[in-house]
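Asks: sequence unknown, structure follows:
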């Protein structure tokens, strides 16, 4: 069942368009992440869903009801802010109770929900604290608990972990995923951190320059991206030109590769650094590849390999002896390389706007 | 000298001297000399007679009441205007920049000119009176009236910019996200304002109230020019006594006025801090 349906939402600031028609949906209980670089329009979209900003066109439905004309307090959406946005003049408990009081939830039910939220966010014992007496991680958990007690149809997250240090971010990321499994709240999560998006999401919506670039599961988007932007934004990649003929392709230096889909003529493929095999060899093969640089990353080594004009990123796992710069190497490519679609997603103008 | 500086008992007072010393010299000094002056007869002997006069003579008692009235009433009126004004300035509207420059103008106008302005505008036979006369209307007595409406008008005119300036920045200091959090948690615009924004802006509002209260309670020019002749505040009575050369009486009245100002300050602080605490009492258990 579709819980949230965003259809052709646009946002114009004067003459400039911040959101081109954007459409996406979130199924009940699903965890969907909107991923994109800063300025891609993801925050504008979130503010429109939340109700603090008005869209220029399009509509939003939550649980079947149209909500885009309603003020934020009547939308049945709870939000976890990047800045936590806890009420500094209220204790943890009062923060949690605020929304329930506003929605006239009976006292007994308030108590039950608060106790439950405190328990699952491991905040028991901190109820009488003021927000300023809590650590960053604790504050973020209070913000989360404050949203959960509302039992909303939709939970929104606006980069909730980006103000925390790396280690805490990691812990909280796991806690969030575990929590989502337990309560099954329909969630829309906004972030610019691709690792976060991949680790947490059921599906990822990749956005760039006010448009949805691609939607898919983390695995699909990583393994077989359809757009060059997706390939480059989710992890590292090598974008290589190939001359295709059916399922066969030829790299610029003549090496044949196997393609995932059929194509004809010039095309582009994405090859992940870790899927290229690298091996030192003495004889000069058809492709004269030499190591131009190497950096040791701990669990892996990252090579820069020059083949003619092209520079390739190649990652080799394990603690094998490093191949020194200047050595000739042999590269092997995996089968079924994803061919990128060259087209730009067309800007559909809804009929009523064109009128 | 280095040895002197190494002695910590000496070092501390030395470091504090520029700040505390200044206060002692220019604030504590005059205050102490006024206090001593208010307790002396002409011949230098100790007396409480000057204070007795304040609390027994009807004109003096009335003056004390009037001072407090002229302190409190304009603040209440100004507050009722300044808070909505602060919220309006926060929003975007055409001409906002011009408006936020213009509303500060009264800050630069001295009290005596404000008083004269009120007379010119609001006195019977004044500008507004003559303007509405052809319509068969007349102004009620607004200048030198028994309720001191003229004084309140003049003080309010002068206070609003100052109060608005402070309250605007108090509201501006509240992060946008906190307001939005209130809204997404089901609070209407109004509920968010009263339950979230006002408590958070309280320190600024308190400061604005106290500063304007003290200013208008002690002001002389405005009540002297537009106030009623029957009820004169202590500040005006003080000048009368001063002109008659009764300095100990002036000192005593000054002390009483200051004591009342301090008392109101303390009362207000206790009250508002309790309001703040009601929302957020409780450290670690």
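Replies: Structure's in. What do you need? Computed from a predicted model, the values in this text were never measured in an experiment. Residues are numbered from 1 along each chain as shown, chains lettered A, B, ... in the order given.

Asks: residues making contact with the one helix or strand residue A:113 maps to?
Replies: Assigned by DSSP states H and E, residue A:113 belongs to helix A:107-120. Helix A:107-120 is contacted from outside by A:93, A:96-97, A:100-101, A:105, A:123-124, A:126-127, A:145-146, A:148-149, A:151, A:179, A:182-183, using CB atoms under 8 Å, 6 or more residues apart in numbering or on different chains. The C-beta positions use only the backbone N, C-alpha and C, and glycine is treated the same way.

Asks: Select only the buried ones of those residues in ChimeraX?
Replies: Buried residues within the contacts of helix A:107-120, by 16 or more other CB atoms under 10 Å in any protein chain shown, are selected in ChimeraX with:
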select /A:93,96,97,100,101,105,123,126,127,145,146,148,149,151,179
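
Asks: The contacts of helix A:107-120 in strands, which ones?
Replies: Among these, none falls in strands (DSSP state E).

Asks: Contacting chain B as well, which ones from the contacts of helix A:107-120?
Replies: residue A:146 (CB under 8 Å from any CB of the partner chain).

Asks: buried set for stretch B:238-252?
Replies: Under the neighbour-count criterion of 16+ other CB under 10 Å, stretch B:238-252 has B:238, B:241, B:246-252 buried.

Asks: Make CSV from those residues and add distance to chain A, pLDDT and secondary structure to it.
Replies: Putting those into CSV (distance: CB to the nearest CB, whole Å; pLDDT from 0 to 100; DSSP: H, G, I helix; E, B strand; the rest coil) gives the following:
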residue, distance to chain A, pLDDT, secondary structure
B:238, 42, 89, helix
B:241, 47, 88, helix
B:246, 50, 86, coil
B:247, 49, 87, helix
B:248, 48, 88, helix
B:249, 47, 89, helix
B:250, 45, 90, helix
B:251, 43, 90, helix
B:252, 43, 91, helix
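
Asks: secondary structure class for residue B:162?
Replies: In three-state terms, and counting by DSSP: H, G, I helix; E, B strand; the rest coil, residue B:162 is helix.

Asks: wait, isn't it in contact with residue B:210?
Replies: No - counting by CB atoms under 8 Å, residue B:210 is not a contact partner of residue B:162; they are 11.8 Å apart.

Asks: Which strand or helix spans the closest residue to residue B:201 other than its chain neighbours?
Replies: Leaving out its chain neighbours, the residue that sits closest to residue B:201 by CB to CB, 6 or more residues apart in numbering or on different chains is residue B:170, at 4.0 Å. Applying DSSP H and E as the criterion places residue B:170 in helix B:149-172.

Asks: Just checking, which helix or strand succeeds that helix along the chain?
Replies: helix B:176-184.

Asks: Report the rounded mean pLDDT for that following helix.
Replies: Averaging pLDDT along helix B:176-184 yields 93.

Asks: Which elements pack onto the next helix or strand after it?
Replies: Next helix or strand after helix B:176-184 toward the C-terminus (DSSP H and E): helix B:189-192. Applying 3 or more CB pairs under 8 Å, 6 or more residues apart in numbering or on different chains; DSSP states H and E, one finds that helix B:189-192 makes contact with helix B:176-184.

Asks: Check which residues of the helix it packs on are buried.
Replies: For helix B:176-184, a neighbour-count test (16+ other CB under 10 Å) marks B:177-184 as buried.

Asks: what bits of the chain have low per-residue confidence?
Replies: You didn't say which chain, so I picked chain A. A:284-287, A:319-320, A:342-355 (pLDDT under 70).

Asks: Oops, wrong one, chain B.
Replies: Confidence mapping of chain B against pLDDT under 70 gives the ranges B:1-7, B:274-285.

Asks: So which residues on the stretch 51-200 of chain B come close to chain A?
Replies: Proximity of the stretch 51-200 of chain B to chain A (CB under 8 Å from any CB) is limited to residues B:175, B:177-178, B:180-189, B:191, B:195-196, B:199-200.

Asks: again, only using 7 Å
Replies: B:175, B:177-178, B:180-181, B:183-188, B:191, B:196, B:199-200 (CB under 7 Å from any CB of the partner chain).

Asks: So what's the gap between stretch A:52-64 and the chain middle?
Replies: Centroid separation for stretch A:52-64 versus its chain: 22 Å, with CA atoms, centre = their mean, to the nearest Å.

Asks: do the same with stretch A:16-30
Replies: Put simply, stretch A:16-30 sits 13 Å off its chain's centre (CA atoms, centre = their mean).

Asks: That one: which residues count as buried?
Replies: So for stretch A:16-30, counting by 16+ other CB under 10 Å, buried means A:17-22, A:24-26, A:30.

Asks: ok, now stretch B:102-109?
Replies: Residues B:103, B:106 are the ones in stretch B:102-109 that count as buried (16+ other CB under 10 Å).

Asks: can you tell me the distance between the two ends of it?
Replies: 13 Å (CA to CA, to the nearest Å).

Asks: can you list contacts of that stretch?
Replies: For stretch B:102-109, contacts defined as CB atoms under 7 Å, 6 or more residues apart in numbering or on different chains pick out B:157-158, B:161-162, B:164-165.

Asks: ok, now stretch A:300-310?
Replies: A:252-253, A:273, A:278, A:287, A:289-295, A:311-317, A:322-323, A:329, A:331.

Asks: Please work out the angle formed by the directions of the longest helix along chain A and helix A:107-120.
Replies: In terms of residue count, the longest helix belonging to chain A (DSSP state H) is helix A:166-183. Using axes from the mean of the first three to the mean of the last three CA atoms, to 10 degrees, the direction of helix A:166-183 lies 130 degrees away from that of helix A:107-120.

Asks: And helix A:166-183, what does it pack against?
Replies: helix A:136-148, helix A:194-200 (3 or more CB pairs under 7 Å, 6 or more residues apart in numbering or on different chains; DSSP states H and E).
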